[in-house]
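Student: The following block contains a protein sequence and its predicted model.
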Amino acid sequence: MGFFVFGLTIALRPFILEAVRRALLNAAFSPCTPGLPRLAAVLLAAGMVLTAGEPERSVIQIANFSQQPAYDAPWRFGSVQRSSGSGFVIRGKRIMTNAHVVSWAKQVLVRRYQDPRPYPARVVFIGHDCDLALLEVQDEGFFEGLEPLEFGEFPKVRSTVVTYGYPAGGEQISYTRGVVSRIEKQTYVHVGNRSFLAVQTDAAINPGNSGGPVIEDEKVVGVAFQGVPGLENTGFFIPPPIITHFLKDIEDGRYDGFPQAGIRIAPLQSPAYRRFLKLPQSEVGARIDSMLPIATTTNLLRVDDVLLKVGAYAVGSDGTILYQGNRLQVGVAIDEVQHGGSVPVTLWREGAEITLSLPVNVNRLDRAEGNQYDLLPRYLVYAGLVFTPLSRDYLRNYGSSWGDGDVNALVYELHYRRDETPTVVRTEPIVLAAVLPHAVNANLTVRGHALVDKINGVRIEKLEDVVQALAKADGATHALELLPGHSLECLDRAEADKAGPEILKTYGIPQDRRL
Amino acid sequence: MKTLLRGALFASLGLLAVAAKEAKPTSPWENSVVTLEINRRQYDYLQPWAKRMETIQKTGVVVGPREVLTTAEFMGDSTLIRLQRGGRGRWYNGQIGWVDYHANLAIVTADDAAFWTGLQPAVIADSIPTKGAVQLMRWRNGSFESRKAEINRLSVKRGRMTFVEHMQLELDLEIAGAGWAEPIVLGNKLVGLTTSAEGNACTALPAPFFRPILEARKRGAFRGLSFFAFVWQRAQNPATLRHLKLEGEPRGVLVNEAPALPDMDGQLKPRDIILQVGGHDVDAEGDYLDPIYGKLSIEDLASRGRWAGDQVRVRLWRSGQQQEILYRLPKADYKIDLVPQGPFDREPEYLVAGGLLFQPLNEAYLRSWGGDWKRKAPFRLSFCDQEKPTPERPSVVVLTAVLPDPVNLGYQDSRFMMLNSVNGKRVKSIADIPDAMKQPIGGFHVLEFGPAESVRRMVLDAAQAEEATQRVLARYGIEQDHVFASPAAK
């Protein structure tokens, strides 16, 4: 595709949008977590004895009973879903698995190899960006006799690996052998707007394999996590550098996430462009095409700076580095650094080389552009009007309505506004998600799916502004200005205030707000 | 629905010609309804220099001396028009006498007097019913068909070839495959002209819409379709009216956007409430009471019987006071949209420079992704259709493809990117590019693209680019490096 960023958000934007429209919402990749197979038919092979060094003993079956909120009715939860995945024991009496295996968990149950007992577990760390999580089991007896699996080196292309797990279609552990066929950055579909190193294997990685270890020479070289529907014998696993980064990140007791430099680079293979930048014609150097508005980055870097080296890696003219024998996008070098750290960078600027230390931090500006988990959506219900932040999760409600004018306006606001008109970008765009029918709002012509521009003359930057704009009103009416179309909708203020409790009761809304 | 003629069909029609002369008309409409064959250029907007031909058959109805009325759709880019009477036999060469794409109307004429012999102009109805049975007339396979149709309703909605909302007739047909300008008749009067059909549901231009246009055209008074340029919402919310200090029952429409257009007086403002148009009270649904047709959208008051430049008296409520203004109706012009429909009767515009292919963004280009282009075309391009032009951005120019050549090495995968400037000069139309390229920066062309594009800047060697363009044209079989807005050669 020819271009990318450190930290994927901007680099993927054009692709994400098309993918959002055409594929990602329908899971172009799919996390390998099926509905949990019925536990009733657990089979134990009595008398089967495992020898030390057989990793299946440390492979865990995980059942997650989860409940997700409805983003267009954010006080409400969907039905309890039962899903299953795999995990494995690591040092410190913890179980590693995928974040998507245990997201939105109400209860997590884990089972040992050939043991019928379910043990309650809890999520102690979860990294949604890298799709990894760690579990603890309250009953320490769970770990008796289980050897933690050790992590191995980055697997090489063409090496043979074995995936362990509990995929759908049976209750017994499954082993699938495959060859490492490709190593490159992939979109991690759990969060949807980040990409990191991923290893492709031709081992069958099926729903339920998620979180299971991928083993080479008795050591874990990856965590199985996603596949491509329709592509047979293609699975992906998370390799050791990402796992190691996650484990290092949580050493301080908190997970921060993968940082970004906030730059988008473009290949520099045009001889003319190289001459324009007075850069020798060679295979080295990729150009900074644009930057996120991050002061630590914009103060140091400029558009058309040429990246010659990042960390220990020389940057190729196609924007790749040679990493463990593979040519990979240069962002891989940034992914080695922890949040708040920095990376040495050698640049070509105005005909000369310079070296500087580039700070990298987690980018939280684009959180709403990705899938969000374990964080209940914020909302306010006033007079039956449901206000909630615009997010990818909210837009997913529209499903096949992509292409409709109002929806596209929201897609633009979420994914393009920040780049195209940064001066008018809102911190947290708020949508009027729905209007719960009641006499007080019956005459509104807009019934939802609109961006809130102003309320009572106050420009709405975030949900708290809605609360304040409604609270501070002193006229007889509340005036809402909505986009697209600049429509004006008014409510009788006294009637609206009075109707609130009745509406909450009618629609079973426990609280009028979650801020 | 499109009928592509083949040689065999021509041959069979020829054989039947003698028999047709002897046939006795079963309906007087046989002497008014004719068949049209339009041979026209069809462009592939993904390769805008490539031309193909297509042949369309549709229907027309004689409405005056040497005048056949049909719809304008598929008349654009025509190279040869032929007419046939009686559903079979000889074809007569014709030409477009008048066309208006916004109104979706065309008059076709033929020089050969023999064609007109015995043909009778249809009588266009003054008014039409809003329900009940009518007939659809057409020639099909040499036979005259009179098919039942049922009027569902008269509506005011966006036209098939325009953004203007105008009166349309919705019908149920007993046949499928209509929508090719077949006349809808009631007794001996023409009440409509079909424009499209989906299954048995058909839409037609109603006589009350096109009769005044044709009459004004004859007088030389038709200045083009007009419309209300403002965007409005229904004012049915009493709280909103109270907020705007208008007491009493809900009425009128609330102006939300009043874009400035070149020929507009600019009298309307957002949050005006329009209470009356042309002496008609406007209700809270945005309808007025037409004395013949009942409740119709106020858009009808701009697009039927009034033309561009006409003034209409508007009573409005502004800032707590009633006012009256004379609203000058703007002319329907495709340039009003950032992504215009069409173009019609023009070759697609493009520019090849250093192997980079630039095209103006228009609906014809987006239709390259099919009828469902709003979902299937690249999001950022299709979203332009929801944006308005501004003085700084009157149109969108897109790098649509790169024709690989050594001069553009490194850019060969780039496409669908909106061009902002060349060599520091803002590109407002595709014709700006050659001028901007006359002033390279230090011997280089620097091209800047939109901030959300995958690559924001490209650089080409100016001297090499000029030389490469000729090489690219030769290698890719392209006749000329650019086509800018000029009428297509017939």
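Tutor: Structure received. Numbering: from 1, shown residues only, chains lettered A, B, ... in the order given.
Student: what are the ranges of the helices in the chain?
Tutor: Using chain A. A:9-22, A:99-102, A:240-249, A:271-276, A:295-298, A:331-334, A:392-395, A:405-415, A:417-420, A:463-471, A:493-506 (DSSP state H).
Student: that's the wrong chain, I meant chain B
Tutor: Taking DSSP H to define them, one finds helices in chain B at B:7-15, B:17-22, B:113-116, B:207-219, B:238-243, B:300-303, B:363-366, B:373-376, B:379-383, B:432-436, B:462-476.
Student: tell me the most buried of those?
Tutor: Neighbour counts (mean count of other CB atoms under 10 Å in any protein chain shown) averaged over each of the helices of chain B peak at helix B:300-303, with a mean of 25. (Each C-beta comes from the backbone N, C-alpha and C, glycine too.)
Student: Reformat the helices of chain A as a markdown table; add distance to chain B.
Tutor: Listed next are those as a markdown table, based on distance: least, CB to the nearest CB, whole Å:
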| stretch | distance to chain B |
| --- | --- |
| helix A:9-22 | 5 |
| helix A:99-102 | 26 |
| helix A:240-249 | 25 |
| helix A:271-276 | 4 |
| helix A:295-298 | 14 |
| helix A:331-334 | 15 |
| helix A:392-395 | 12 |
| helix A:405-415 | 5 |
| helix A:417-420 | 4 |
| helix A:463-471 | 14 |
| helix A:493-506 | 8 |
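Student: Figure out which of the ones you listed is closest to B:Gln47.
Tutor: Closest approach to B:Gln47 among the helices of chain A (CB to CB): helix A:9-22, 22.2 Å.
Student: thinking again about what came up before, need the helices of chain B in a markdown table (columns: mean pLDDT and distance to A:Gly370).
Tutor: Shown next, in a markdown table, are those (pLDDT from 0 to 100; distance: least, CB to CB, whole Å):
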| stretch | mean pLDDT | distance to A:Gly370 |
| --- | --- | --- |
| helix B:7-15 | 38 | 58 |
| helix B:17-22 | 45 | 69 |
| helix B:113-116 | 96 | 67 |
| helix B:207-219 | 97 | 50 |
| helix B:238-243 | 94 | 37 |
| helix B:300-303 | 98 | 46 |
| helix B:363-366 | 96 | 29 |
| helix B:373-376 | 92 | 22 |
| helix B:379-383 | 95 | 17 |
| helix B:432-436 | 97 | 38 |
| helix B:462-476 | 95 | 40 |
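Student: can you list the ones you listed in TSV and add distance to chain A?
Tutor: Supplementary listing: the helices of chain B in TSV, determined by distance: least, CB to the nearest CB, whole Å:
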stretch	distance to chain A
helix B:7-15	38
helix B:17-22	48
helix B:113-116	46
helix B:207-219	26
helix B:238-243	4
helix B:300-303	19
helix B:363-366	12
helix B:373-376	3
helix B:379-383	5
helix B:432-436	16
helix B:462-476	7
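Student: pretty sure B:Glu150 contacts B:Gln135?
Tutor: No - in this structure, B:Glu150 is not within contact of B:Gln135 by CB atoms under 8 Å, at 10.6 Å.
Student: Who has more neighbours out of these two?
Tutor: Between B:Glu150 and B:Gln135, B:Gln135 has the larger neighbour count (other CB atoms under 10 Å in any protein chain shown), namely 18 against 15.
Student: who's the more buried one bridged to?
Tutor: B:Lys148, B:Val185 (DSSP bridges).
Student: same check, this time on B:Ser421
Tutor: Beta-bridge pairing for B:Ser421 (DSSP bridges): B:Arg426, B:Glu448.
Student: Equivalent analysis for A:Arg514, please.
Tutor: Where A:Arg514 sits in a bridge, its partners, by DSSP bridges, are A:Tyr379.
Student: Could I get the contacting residues of it?
Tutor: Contact partners of A:Arg514, counting by CB atoms under 8 Å, 6 or more residues apart in numbering or on different chains, are A:74-75, A:376-379.
Student: Look at the residue lying closest to B:Leu361 once chain neighbours are set aside and say how many residues are nearby.
Tutor: Excluding its sequence neighbours, the residue lying closest to B:Leu361 (CB to CB, 6 or more residues apart in numbering or on different chains) is B:Val396, at 4.0 Å. The number of residues packed near B:Val396 is 25, by other CB under 10 Å.
Student: quick one, what contacts A:Ile205?
Tutor: A:32, A:163, A:165, A:167, A:176, A:224, A:226-227, A:235-237 are the contacts of A:Ile205 under CB under 8 Å, 6+ apart.
Student: A:Ala409 contacts B:Gln386, correct?
Tutor: Yes - under the criterion of CB under 8 Å, A:Ala409 makes contact with B:Gln386 at 6.5 Å.
Student: That'll do, ta.
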